[in-house]
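[1] here is a sequence with its predicted model. Questions after.
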Amino acid sequence: MGIVIALVIIFLWFTHLVYSLSFAEVMFTSPVFYVHILIQTYLFTGLFITAHDAMHRNLSGNKKVNNFFGVLTSFLYAGLSYKKLLRNHFLHHKNPAFENDPDFYTGSQNFFIWWGIFLLRYISLVQIITMAVFFNLLKLIFNESSIIWFWVVPALLSTFQLFFFGTYQPHKRPHDYLMKPHNARTQKANHIWAMISCYFFGYHFEHHESPGVPWWQLYKLKKT
């Protein structure tokens, strides 16, 4: 099931991206324009969630298959290094919201400052060059304006979505006894909103408590 769901997300992401770049109009007065951006943002988030589940080997019992999908979806998302993501993510699970958590910022808890620091920790020169190459290759086929609004902007917006629901909201200070031992909050039980907001990733305490449960099964752990 994990592989099937991963393939569906990749297919939808690719199909909608090609459709948007080919046929959708960049028209700021059209509601359809914004709908396409939101859909592509959500599918970009799905790519990263798939990579995240690969890190926990929740896609397949085969390590090589998990790594293949992890590398693929990390690369499609934003040219990210799966190896670096994997290393940092397990440090995060080992020391959630402590100084040696690479995803936690011990300074200001301001959303935008923390988000900026979070991105800088993952951006690399190789990634920048890779994305620049792909941008210019896409320009050979599609309109530059469409590339910006249906590829670049959704990718950027999805970092907000992932960061807010998967890092900032669950792990920001102050931490209280209800968040122990993972220093993680969780959304109230609302499976529709949990799916729409970030693929059940808002059920974050449950994820830390049971990291071997794939994202599409997290709702089963939610009690209140």
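    Done, it's in.
[2] show me the longest helix that occurs in this protein.
    helix 31-55 (DSSP state H).
[3] counting neighbours, which bits of that helix end up buried?
    Across helix 31-55, burial judged by 16 or more other C-beta atoms under 10 Å covers 33, 36-37, 39-55. C-betas here are computed from N, CA, C, even on glycine.
[4] tell me the confidence at the residue of the chain lying at maximal distance from its centre?
    Centroid-distance maximum for the chain: residue 29 at 28.7 Å, with C-alpha atoms, centre = their mean. On pLDDT, residue 29 comes in at 96.
[5] ok, now the one 4 residues further on?
    Looking at residue 33, its pLDDT reads 98.
[6] is it correct that it is in contact with residue 39?
    No: taking contacts as C-beta atoms under 8 Å, residue 33 lies outside contact range of residue 39: 11.2 Å.
[7] tell me which residues in stretch 125-133 are buried?
    In stretch 125-133, counting by 16+ other C-beta under 10 Å, buried: 127, 131.
[8] one step back: angles on the backbone of the residue farthest from the centre of the chain, please.
    Per-residue torsions, residue 29: phi -90, psi 0 (degrees, to the nearest 10).
[9] what's the spacing between it and residue 151?
    Distance, residue 29 to residue 151, using C-beta to C-beta, to the nearest Å: 21 Å.
[10] what does residue 164 give?
    21 Å.
[11] contacts only, for the residue nearest to residue 103 when sequence neighbours are not counted.
    Nearest non-adjacent residue to residue 103, counting by C-beta to C-beta, 6 or more residues apart in numbering: residue 92, 4.6 Å away. By C-beta atoms under 8 Å, 6 or more residues apart in numbering, the contact list for residue 92 reads 101-104.
[12] residue 63 too?
    Taking C-beta under 8 Å, 6+ apart as the test, what residue 63 contacts is residue 57.
[13] helices along the protein, start to end?
    Counting by DSSP H, the helices of the chain are 2-23, 31-55, 63-78, 82-94, 111-120, 125-139, 144-147, 153-163, 169-171, 191-198, 204-209.
[14] of the ones you listed, which is nearest residue 180?
    Shortest distance between residue 180 and the helices of the chain, using C-beta to C-beta, is found for helix 204-209: 9.6 Å.
[15] show me what that closest one packs onto, helices and strands only.
    Contact partners of helix 204-209 among helices and strands, from 3 or more C-beta pairs under 8 Å, 6 or more residues apart in numbering; DSSP states H and E: helix 169-171.
[16] just to revisit the earlier point, out of the helices of the chain, which comes closest to residue 183?
    Among those, the nearest to residue 183 by C-beta to C-beta is helix 169-171 (5.9 Å).
[17] from the chain's centroid, how far away is that closest one?
    When distances are taken as C-alpha atoms, centre = their mean, to the nearest Å, helix 169-171 is centred 15 Å away from the chain's centroid.
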